[in-house]
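Q: Fold the stuff below for me.
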Amino acid sequence: MIRILTCIKQAFWTFICAVRDQLAAIRREYIVEQYVRSGAVFGEALSYLYMGECVGFHGMKVRWAKLERLYAELGYRTIPVEDFLEYAGYGKALDHLIRVKRTDGEEAKLHAVTFQLRYEEGILPELDIPHQGEPSKRTCQDDRKIGKNKNCDGNKCGPPAPPKGPPLDPPPK
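A: Numbering: from 1, shown residues only. Modelled structure (predicted):
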């Protein structure tokens, strides 16, 4: 009787370990799939950014950054934003970049952080689209950096500078 119970116990733990391994594999595949999908969505938004404002750009960037961190925690090399841009915007294949393991001692490179630091200044006006009910976070200092508002004094913003040149209508006499 004890022998039977021991066999049942061993079979039960073998089954539990197999289920745990299967769930870990499903989670890993889900993270990889969602990382590639969110990178593609972000890359597509970048490919259209030259045309003007992009609603939800910040949310796309945050989702991609979160999934990139999870993808890197799995031990894979992350995919540069330029490759996602070419994949989503222009159809370049990514198959050779997905699920590439990092070598021993290789640090994870988080491209979302690099993107934040290097490119946000250049596309500041496009990023300033508040979501419904959310106030804009851009200040007059930001406008001054991109040349939109020259009358900025600290945190107070004056009206934009008047256009140079003669007025369109002559003043009344």
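Q: Tell me the spacing between Glu33 and Gly59.
A: 19 Å (C-beta to C-beta, to the nearest Å). Glycine gets a C-beta too; all of them are placed from N, C-alpha and C.
Q: Same question for Phe15.
A: 41 Å.
Q: go on, Asp21?
A: Relative to Gly59, and taking C-beta to C-beta, Asp21 is found at 34 Å.
Q: swap in Lys101?
A: With C-beta to C-beta as the criterion, Lys101 and Gly59 are 30 Å apart.
Q: again with Leu46
A: Leu46 is 14 Å from Gly59, by C-beta to C-beta.
Q: Could you do Glu53 as well?
A: Distance of Glu53 to Gly59, computed by C-beta to C-beta: 14 Å.
Q: Show me the strands in the protein, by range?
A: 152-153, 156-157 (DSSP state E).
Q: mind listing what Val32 touches?
A: 71, 74, 76, 98-99 (C-beta atoms under 8 Å, 6 or more residues apart in numbering).
Q: Distance to Ala112, pLDDT and neighbour count added to the residues you listed, as JSON lines?
A: Output for these, formatted as JSON lines (distance: C-beta to C-beta, whole Å; pLDDT from 0 to 100; neighbours: other C-beta atoms under 10 Å):
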{"residue": "Tyr71", "distance to Ala112": "11", "pLDDT": "96", "neighbour count": "26"}
{"residue": "Leu74", "distance to Ala112": "16", "pLDDT": "95", "neighbour count": "15"}
{"residue": "Tyr76", "distance to Ala112": "15", "pLDDT": "96", "neighbour count": "20"}
{"residue": "Ile98", "distance to Ala112": "17", "pLDDT": "93", "neighbour count": "15"}
{"residue": "Arg99", "distance to Ala112": "19", "pLDDT": "94", "neighbour count": "15"}
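Q: No further questions, thank you.
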